[in-house]
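Peer 1: fold the stuff below for me.
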Amino acid sequence: MKLSLFAFALLFSINSFSQESSNTTGMFIRVFDLQGNKIAKGKIQSLGNKELQLKTKKLALNLPVSNIGKIKTGRSGGTNVGVGALTGTAVGVVLGVAAGEDGGLYGATSTGDNVASMSVLGAIFGSVAGGLSTLFKKNKSFNIDGDIEKWKAFVNTMSP
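Peer 2: This next block holds a predicted model:
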């Protein structure tokens, strides 16, 4: 049981850090209109003089600068929480199966009880870890407000 908890703690303590890339092509962004509603999200294909080309899951979009109110880099914090919860649940299921009928958690007497309790605990710890990781995200927000001068400043900021 101690080994299982150690493995679980080790899994959630591993982070990988890499250098920030100066190449903006392929960077994930979220685009909002002038009223603050999200109109698109995807990876940058190109930054033109008067339009933004995004590649979404299904198609490529050309967004004119006059329709862009704000651009936010990176994914939202909810993504980290969701991924953490799913990862924690999966790890909990594996640890519950590995515990078997012996070494049960909270008086569990069967493998199914161990799987259920460990997956719930894994989901809780995973979502907390994902929530904490949002504190260290370095997302940026750029106000464009349909202004071509602000757009040019954004393009200059994002270009290598």
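
Peer 1: okay, buried residues for stretch 124-142 please.
Peer 2: Residues of stretch 124-142 classed as buried: Phe125, Gly126, Ser127, Ala129, Gly130, Ser133, Thr134, Phe142 (neighbour count, 16 or more other C-beta atoms under 10 Å). (Each C-beta comes from the backbone N, C-alpha and C, glycine too.)

Peer 1: and what of stretch 53-69?
Peer 2: Gln53, Leu54, Leu61, Leu63, Val65, Asn67, Ile68, Gly69.

Peer 1: from one end of that stretch to the other, what's the distance?
Peer 2: 15 Å (C-alpha to C-alpha, to the nearest Å).

Peer 1: ok, and what's touching that stretch?
Peer 2: Residues outside stretch 53-69 that contact it (C-beta atoms under 8 Å, 6 or more residues apart in numbering): 29, 31-36, 39-47, 50-52, 143-148, 151.

Peer 1: quick one: average pLDDT of that stretch?
Peer 2: Averaged across stretch 53-69, the pLDDT comes to 88.

Peer 1: check stretch 28-41 too.
Peer 2: Stretch 28-41 comes out at a mean pLDDT of 90.

Peer 1: secondary structure and distance to Ala116 for the buried residues of stretch 53-69 - can I get that in CSV?
Peer 2: Shown next, in CSV, are the buried residues of stretch 53-69 (DSSP: H, G, I helix; E, B strand; the rest coil; distance: C-beta to C-beta, whole Å):
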residue, secondary structure, distance to Ala116
Gln53, strand, 47
Leu54, strand, 42
Leu61, strand, 43
Leu63, strand, 46
Val65, helix, 52
Asn67, helix, 49
Ile68, coil, 47
Gly69, coil, 46
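
Peer 1: show me which of these is closest to Thr111.
Peer 2: Leu54 (46.9 Å; C-beta to C-beta).

Peer 1: how close does the closest one sit to Lys41?
Peer 2: 8 Å (C-beta to C-beta, to the nearest Å).

Peer 1: nearest to Val83 among the buried residues of stretch 53-69?
Peer 2: Of those, the one sitting nearest to Val83 (C-beta to C-beta) turns out to be Leu54, at 22.2 Å.

Peer 1: for the closest one, list each beta-bridge partner.
Peer 2: Note on Leu54: beta-bridge partners by DSSP bridges are Ile44, Leu61.

Peer 1: distance-wise, check Phe136 relative to Asn80.
Peer 2: 10 Å.

Peer 1: before we move on, the earlier item: of the buried residues of stretch 53-69, which is the nearest to Ser119?
Peer 2: So of these, ranked by how close each gets to Ser119 (C-beta to C-beta), first place is Leu54, at 36.5 Å.
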